[in-house]
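Novice: Based on what follows, work out the 3D shape:
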Amino acid sequence: MRAEPRARETGLAPYVALLFVQVFFGTLPVFGKIAMREMTPFTLAALRGILGALLLSLAARAFAGPAPAQTLRERGHVALLALLGIVANQVLFITGLHRTTATHATLLVATVPVFTILVGLLMRRERPAARRLLGVPVAFGGVVFLLDPAGLSFGGGTLVGDVLVTLNAAAYAFFLVAARDVLARRSALSFVAQAFRYGAIPIVVVALPDLVRLRPAELSGAALGSAAGAVLLGTVGAYALNAWALARTGASTTAFFIYIQPLFAGTLAFLVLGEKPSPRLFGAAALIFAGVAFATWPARARPGS
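Specialist: Down below sits the predicted model:
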């Protein structure tokens, strides 16, 4: 049996992996926007769920070995986590992306580390330092600024999509905090693969009417290629590499790399989709990045400690 190594590695490999994780995640909003020109959001979410479960399970079998035996209670725990980290995460993000811009979506996803700290505090899983807590209102200030309460209207613009993507970030934060107990006992890759298998089922049930109406032969090469990119890069590649890197680097290092995702995705959205950043977007980005920096930047060690 081959087990996923738990010891941290030195060298550049984990950092290169984290770089590609954010690049792969950064392609998802652009691939998603192109694919959803010809397929519904639920269809794309179902494709990510089904193919993600299949390919991640194969990767887990190859690199993490057989999963340990689980009790019915442990399987139920993973199923509940899948509802947060896979079902809510996939459906809210894809549906929100359909109603907003790729640039807005990837910027709002950058709030996940801040939500994670807030959720950990609410669930009494950690007692963050004051500097980290300061990052919460700063980052949320950026989200509120981007949502533009003065022009609040659910009837137009990107507001509904922005709210859905923000709820996606909150759901994924709950998943990350609640999954810590499971990740302490088993391989990250095998856990993610199992969560995808459980999460794919309700996603398919919700998307079934759309899947029945899907006519793959009528889809253009751009739509098919973008759907494939969303699955292979934005789902399987990103999740598999992230699981591998998490076993070899610290949480603060992993969180720091999230800065790369909005920068890469924003550039790609401009070049491919023609999305032009607004002054409000730059202001929101500055606040969100500042909040994430306060929340994730490692504290300076005290002399003699």
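
Novice: Run the chain-centre distance for stretch 63-83.
Specialist: Mean C-alpha position of stretch 63-83 versus that of the full chain (C-alpha atoms, centre = their mean, to the nearest Å) differs by 20 Å.

Novice: Any buried residues in that stretch, and which?
Specialist: 63-64, 67, 77-79, 81-83 (16 or more other C-beta atoms under 10 Å). Backbone N, C-alpha and C define where each C-beta goes, glycine included.

Novice: Relative to L47, which of these is nearest.
Specialist: Of all the buried residues of stretch 63-83, L47 sits closest to A82, with 17.1 Å by C-beta to C-beta.

Novice: Tell me which residues touch the closest one, please.
Specialist: Contacts of A82 were listed using C-beta atoms under 8 Å, 6 or more residues apart in numbering, and they are 194-196, 198-199.

Novice: Show me what counts as buried in the strand or helix carrying D210.
Specialist: Assigned by DSSP states H and E, D210 falls within helix 188-213. Neighbour counts over helix 188-213 (16+ other C-beta under 10 Å) mark 188-204, 206-207, 210-211 as buried.

Novice: and the nearest residue to V109 once chain neighbours are set aside, how many neighbours does it have?
Specialist: Spatial nearest neighbour of V109, excluding adjacent residues (C-beta to C-beta, 6 or more residues apart in numbering): A169 at 5.8 Å. Counted with other C-beta atoms under 10 Å, the neighbours of A169 add up to 22.

Novice: Next up, the contacts around A169.
Specialist: Neighbours of A169 in contact, by C-beta under 8 Å, 6+ apart: 108-109, 111-112, 115.

Novice: Check F264 too.
Specialist: F264 touches 22-23, 26, counting by C-beta under 8 Å, 6+ apart.

Novice: got it, and V236?
Specialist: 51-52, 55-56, 59.

Novice: do you know how far it is from L92?
Specialist: 20 Å (C-beta to C-beta, to the nearest Å).

Novice: for S187, same thing?
Specialist: 27 Å.

Novice: Likewise for A178?
Specialist: 17 Å.

Novice: Neighbour count for these two, which is higher?
Specialist: Each of A178 and L92 has its neighbours counted (other C-beta under 10 Å); L92 has more, 21 against 18.

Novice: where does the more buried one land in three-state SS?
Specialist: Three-state call for L92 (DSSP: H, G, I helix; E, B strand; the rest coil): helix.
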